[in-house]
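J.: how would this look folded up:
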Amino acid sequence: MNDVLTLVGKHTWMPWAGSITLITLFIAGGLWLLSPAPTVEADSPRAPLAQTSPGQQIYEQRCAACHSIDGDGAGPGAEHLTIKPRDFTRDEYKIKSTEGEEFPTREDIIGVIANGMPGSSMPAWQGFMSEAEMGQVADYIQTFGRFFPQDGYGTTVIDIPARPDPTTESIARGAELYSSDIGCARCHGDAGRGDGPSAFELTDNAGFPIFPADLTQPHTFRGGSDPEDIYLRLRTGLTGSPMASFADALSEDQTWDLVNFILSLSPEEPVEPAVLLVSQLVDGPLPESPDDPAWDEAPEAYYPLTGQLMRASRYFQLAINAVRVKSLYNGSDIAFHVAWNDRTETRDSEAIDAMAIQFPQELVQGDERPYFVFGDSNRPVYQWYWSADSDTVVERNATGLDAIEDQPEAQWQTSGTAAFENGRWQVVFRRSLGAGDDNDLGFVTDRFIPISFVAWEGLAGETGNKLGITTWSVVFLETPTPLVQYARIPIVMVIVLVVELVIVWVAQRTLRRPNAE
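T.: Sure, this is the predicted structure:
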């Protein structure tokens with residue numbers, strides 16, 4: 001248990017995705033430690049821990065909670081994970097740098113241990129295991145396989161040629177390949193958001209459902225998102241998954257064109273989580289449609305979500321990992337544009353696509369805020385809740401996850417307009433600046449107003465406490481700069497110039513004055 005606590009404590013600096021992974025690992029580790037200790041039968045080939053190799057000792061302390069003591073991926077934490085842990089007995093390793101059917105190299109396995117598997121619950125152990133310890137774990141893992149010990153590690157490493165410049169022409173050629181009959185779009189979708197027509201029929205070799213990567217979110221790419229990493233994935237495929245190797249279908253140049261296109265689907269630099277959302281002041285009416293060009297000029301804030309882990313029943317692996325938000329206001333109203341990736345438009349089921357914006361019900365002096373998970377009895381929250389089934393916005397108040405109350409429909413002030421296309425929802429929430437009553441929040445221009453976002457993905461069965469949520473950020477209504485602010489510098493410059501001219505004039509008069517003697 002101390003190992004898990006140390007790992008979580010030392011990862012406070014990690015990006016949000018790493019934090020989610022480590023929280024999940026913490027829960028899984030707790031379940032492992034609370035489960036009955038494994039017994040060793042007299043004829044068992046596995047010796048007691050005190051007599052085992054260093055690799056086995058580290059594995060059973062740090063890995064078995066998910067991968068199981070027998071390496072079959074059925075550890076006590078596995079049932080809580082949507083993406084199931086690797087079954088080492090199948091000899092199927094997704095990430096490798098070797099040709100054809102060869103096993104991965106020892107360095108490949110060490111690399112996965114060191115860097116984790118982005119987009120899953122497999123954390124990065126680099127910094128918490130030495131290079132030697134990771135090598136010992138890699139050597140021990142291969143003993144679970146049926147064929148690996150006899151064949152040994154792979155040796156024929158793929159030579160990665162230099163990447164050509166990602167020119168417009170290269171990206172265009174890659175786009176053609178992506179949409180061609182090699183089949184990328186069938187799984188990953190036209191816009192690369194993992195929503196292709198085949199995306200919902202896929203399973204891995206163990207029979208577990210599996211979804212194609214959202215290519216617009218490179219931080220979730222298995223094996224890394226560097227150009228060379230993607231090149232290797234296209235050449236080797238992902239063993240044990242429906243992602244096949246394209247080594248025979250694409251030349252080296254074509255592979256690089258496809259890599260360049262894939263990378264063009266996301267920003268060149270990683271997007272940083274926002275701490276401030278600026279609501280921009282505009283003249284005239286606010287845009288009502290999510291596709292209105294007026295939104296293009298508004299500053300965007302990026303907010304990662306985490307699974308609802310704070311209150312039972314807890315939710316470990318959420319389906320929606322981030323939202324992108326813009327805001328505009330005028331003299332009477334305020335509007336928020338919220339967009340997020342979602343593989344399906346789920347409107348008709350017990351669990352439906354839904355989004356909520358959350359505020360404190362009342363602003364107080366200082367930094368005191370309600371509990372971000374739907375408030376509490378002392379500090380209620382005020383929510384705008386949109387759901388895809390009714391396509392309306394309900395105003396509601398909450399003092400906890402199990403204490404949510406819809407306001408009477410006659411009191412609703414907030415409206416919403418939604419659009420779904422190519423694996424992406426966009427919803428515009430709009431309301432007057434003033435509060436209708438004490439259950440609503442009024443928007444003012446001189447305060448940082450706490451704001452939070454909540455998401456439910458219907459296809460994943462998210463409903464009730466199964467949700468993704470952000471902690472509190474703040475929204476600030478931008479105020480116009482007084483004209484005097486713009487005029488201040490020119491006015492000062494004019495005054496200085498006048499003073500200088502006066503000084504020069506006086507000096508010149510003094511020099512021209514006749515000598516009194």
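J.: okay, helices next: where are they in this protein?
T.: Secondary structure of the chain (DSSP state H): helices at 2-10, 16-34, 54-62, 64-67, 106-115, 131-141, 148-151, 168-179, 184-188, 227-236, 252-264, 483-512.
J.: worst average pLDDT in those helices?
T.: Comparing mean pLDDT across the helices of the chain, the lowest value falls on helix 2-10: a mean of 35.
J.: right, and Y140 touches Q56 too?
T.: Yes - taking contacts as Cβ atoms under 8 Å, Y140 lies within contact range of Q56: 5.1 Å. C-beta coordinates here come from the backbone N, C-alpha and C atoms, glycine included.
J.: at the geometric centre of this structure, which residue do we find?
T.: The centre of the chain sits closest to N321, judged by Cα atoms, centre = their mean, with a distance of 4.1 Å.
J.: what about that one, distance to F453?
T.: Distance, N321 to F453, by Cβ to Cβ, to the nearest Å: 12 Å.
J.: again, but for T105
T.: Counting by Cβ to Cβ - T105 and F453 are separated by 43 Å.
J.: give me the number of residues near the closest residue in space to E288 that isn't next to it in sequence?
T.: Leaving out its chain neighbours, the residue that sits closest to E288 by Cβ to Cβ, 6 or more residues apart in numbering is T417, at 5.5 Å. Per other Cβ atoms under 10 Å, the neighbour tally for T417 reads 20.
J.: what's the least confident helix or strand in this protein, going by average pLDDT?
T.: helix 2-10 (a mean of 35; mean pLDDT, DSSP states H and E).
J.: tell me where the stretch 251-400 of the chain has strands.
T.: Assigned by DSSP state E, counting those that start in this stretch, the stretch 251-400 of the chain shows strands spanning 276-281, 301-304, 306-307, 322-329, 333-341, 354-360, 381-387, 392-398.
J.: to E268, which of those lies closest?
T.: E268 lies closest to strand 301-304 among the strands of the stretch 251-400 of the chain, at 14.8 Å (Cβ to Cβ).
J.: which parts of the closest one are buried?
T.: 301, 303-304 (16 or more other Cβ atoms under 10 Å).
J.: residues shared between the contacts of N321 and F453?
T.: L305 (Cβ atoms under 8 Å, 6 or more residues apart in numbering).
J.: could you list the low-pLDDT ranges of the stretch 201-350 of the chain?
T.: Along the stretch 201-350 of the chain, segments meeting pLDDT under 70 are nowhere present.
J.: let's see 90
T.: Low-confidence segments of the stretch 201-350 of the chain (pLDDT under 90): 268-271, 311-318, 348-350.
J.: only alpha carbons, please: show stretch 274-285 as CSV.
T.: The C-alpha trace of stretch 274-285 is given here as CSV (Å, rounded to 0.1, in the frame of the first residue of the first chain):
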residue,chain,number,x,y,z
ALA,A,274,-7.7,26.4,-18.6
VAL,A,275,-8.0,28.2,-15.3
LEU,A,276,-9.9,31.2,-16.7
LEU,A,277,-12.7,31.5,-19.2
VAL,A,278,-13.1,35.0,-20.6
SER,A,279,-16.6,35.9,-21.7
GLN,A,280,-16.2,38.4,-24.5
LEU,A,281,-18.4,41.5,-24.7
VAL,A,282,-20.1,41.9,-28.1
ASP,A,283,-22.5,44.5,-29.6
GLY,A,284,-25.8,43.3,-30.9
PRO,A,285,-27.6,39.9,-30.4
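J.: what's it in contact with?
T.: With Cβ under 8 Å, 6+ apart, stretch 274-285 has contacts from 294, 297-299, 301-303, 325, 327-330, 334, 448, 451, 473-480.
J.: just the buried ones from these?
T.: Counted by 16+ other Cβ under 10 Å, these give 294, 298, 301, 303, 325, 327-329, 334, 451, 473, 475-477 as buried.
J.: out of those, which comes closest to N378?
T.: I451 (19.8 Å).
J.: between T105 and F453, which has more neighbouring residues?
T.: Comparing T105 with F453 by other Cβ under 10 Å, the one with more neighbours is F453, at 22 against 18.
J.: show me what that one is bridged to.
T.: I357 (DSSP bridges).
J.: any idea how far it is from Y302?
T.: 11 Å.
J.: which neighbours do the two share?
T.: V323.
J.: so where's the stretch 401-517 of the chain shaky on pLDDT?
T.: For the stretch 401-517 of the chain, the ranges with pLDDT under 90 are 446, 479-517.
J.: neighbours around S130, how many?
T.: Around S130 there are 11 residues (other Cβ under 10 Å).
J.: do E268 as well
T.: With other Cβ under 10 Å as criterion, E268 counts 7.
J.: check C63 too.
T.: 23.
J.: repeat for the one 10 residues further on
T.: Neighbour count of G73, defined by other Cβ under 10 Å: 20.
J.: that one and K84 touch, don't they?
T.: Yes - between G73 and K84 there is a contact under Cβ under 8 Å: 5.9 Å.
J.: which neighbours do those two share?
T.: With Cβ under 8 Å, 6+ apart, G73 and K84 have common neighbours A206.
J.: leaving out sequence neighbours, find the closest residue to G436.
T.: Distance criterion Cβ to Cβ, 6+ apart; nearest residue to G436, sequence neighbours excluded, is Q413 at 5.2 Å.
J.: burial count for the one you found?
T.: Neighbours of Q413 (other Cβ under 10 Å): 17.
J.: ok, now the one 3 residues further on?
T.: G416 sits with 24 neighbouring residues when counted by other Cβ under 10 Å.
J.: give the contact list for the residue nearest to E288.
T.: T417 touches 288-290, 427-428, 430, counting by Cβ under 8 Å, 6+ apart.
J.: buried ones among those?
T.: 290, 427-428, 430.
J.: among the residues you listed, which ones are in strands?
T.: Among the buried ones among the contacts of T417, DSSP state E puts 427-428, 430 in strands.
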